[in-house]
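**Q** Structure for the following, please:
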Amino acid sequence: MVLTKFDRDAKILINSYTLALSHPLHFDQYQKSVLKGACKIAGISLIKLVPESTALSYQYGLFRKRELTKDMTNTLFVDIGNSKTSI
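**A** The predicted structure follows:
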């Protein structure tokens, strides 16, 4: 339900995007597969599941890449944590 809302809102704000989904470090393979399944149910194309600590470095690299190239890529970072969900 939350991912479907993110998808709908993202399509309103930007026409297309790719999704990199972060998860807590303690998630095991089963919990990661549940996240992948939720994306599939919501109709979202997931490009990468990354640990929370790695997501920040990816995000920095993408912003740095924008400075170096003229082509923009829209990537939505969704952080699903224990107590909150943030973009």
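**Q** can you give me the strands for the protein?
**A** 18-23, 46-51, 75-80, 85-86 (DSSP state E).
**Q** among those, which is the most enclosed?
**A** Stretch with highest mean neighbour count among the strands of the chain: strand 18-23 (a mean of 20; mean count of other C-beta atoms under 10 Å). Every C-beta, even on glycine, is put in place using the N, C-alpha and C of the backbone.
**Q** Can I get that one as CSV, trimmed to CA atoms?
**A** The C-alpha coordinates for strand 18-23 follow below in CSV (Å, rounded to 0.1, in the frame of the first residue of the first chain):
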residue,chain,number,x,y,z
THR,A,18,13.9,3.8,-11.2
LEU,A,19,13.6,2.5,-7.6
ALA,A,20,16.5,1.7,-5.3
LEU,A,21,15.1,0.4,-2.0
SER,A,22,17.1,0.5,1.2
HIS,A,23,16.6,-1.9,4.1
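**Q** Just name whatever secondary elements that strand is in contact with.
**A** Packing partners of strand 18-23 (3 or more C-beta pairs under 8 Å, 6 or more residues apart in numbering; DSSP states H and E): helix 29-42, strand 46-51, helix 52-68, strand 75-80.
**Q** quick one: strands adjacent to it?
**A** strand 46-51 (parallel), strand 75-80 (parallel) (DSSP bridges).
**Q** Could you tell me the least trusted of the ones you listed?
**A** Across those, strand 75-80 has the smallest mean pLDDT, namely a mean of 68.
**Q** and the gap between residue 24 and residue 46?
**A** 17 Å (C-beta to C-beta, to the nearest Å).
**Q** ditto for residue 36
**A** Using C-beta to C-beta, we find residue 36 at a distance of 6 Å from residue 46.
**Q** next one: residue 40
**A** Using C-beta to C-beta, residue 40 is found at 8 Å from residue 46.
**Q** Residue 27 too?
**A** For residue 27, the distance to residue 46 - C-beta to C-beta - is 14 Å.
**Q** Please apply the same query to residue 10.
**A** From residue 10 across to residue 46, the span is 13 Å (C-beta to C-beta).
**Q** Then residue 29?
**A** Note on residue 29: its distance to residue 46, by C-beta to C-beta, is 15 Å.
**Q** before we move on, what about residue 4?
**A** Per C-beta to C-beta, residue 4 is found 14 Å from residue 46.
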